[in-house]
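Participant: with the input below, show me the fold.
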Amino acid sequence: MEKTINISGNDYRLKSSLFTIISYKNTFGSELFSDIAVLDKKNDASEDTSQVIDTIFKIFYVLHKPFSSKSYDEFLNEFGFDILSNEDQLTKLAETIAELFNNTKKG
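Facilitator: Okay, here's the model as predicted:
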């Protein structure tokens, strides 16, 4: 499934497929769904906030990767610290990621 999302004034095309799982493992060395499971277990919002943010942006990067040749570092450098305080943008990103994975599971 493909979807376009506007984050920080830029449009990002995202694509989820079976390759997403493989690309995540090849890029970051960990299992996508294991990392998602760790996020699901986080009850306290202040607990390991950097790990949650890192995992969300890793997933965002891998979903956008079919449309970009940028490294993960280059991708992250497109965002300022203001994205972390923009609850609407982070919520939109999380909801879009969930939608892409829900359609993958159903499909």
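Participant: so where do the strands sit in this protein?
Facilitator: Secondary structure of the chain (DSSP state E): strands at 2-7, 10-15.
Participant: flag the shaky bits of the chain, pLDDT-wise.
Facilitator: When residues are selected by pLDDT under 70, those of the chain lie in 40-47, 103-107.
Participant: for the strands of the chain, which one sits closest to Lys25?
Facilitator: Closest approach to Lys25 among the strands of the chain is made by strand 10-15 (16.7 Å; CB to CB). C-beta: built from backbone N, CA, C; applies to glycine.
Participant: other SSEs contacting the closest one?
Facilitator: Secondary-structure packing of strand 10-15 (3 or more CB pairs under 8 Å, 6 or more residues apart in numbering; DSSP states H and E): strand 2-7, helix 49-64, helix 87-106.
Participant: pick the most buried one from these.
Facilitator: helix 49-64 (a mean of 18; mean count of other CB atoms under 10 Å).
Participant: give me the contacts around that one.
Facilitator: Helix 49-64 is contacted from outside by 12-16, 20, 23-24, 27-28, 32, 35-36, 38-39, 42, 72, 75-76, 79, 84, 90, 93-94, 97, 100, using CB atoms under 8 Å, 6 or more residues apart in numbering.
Participant: buried ones only from the residues you listed, please, as a PyMOL command.
Facilitator: In PyMOL, this line selects whichever of the contacts of helix 49-64 come out buried by 16 or more other CB atoms under 10 Å:
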select buried, resi 12+14+15+16+20+23+24+28+32+35+36+75+90+93+97+100
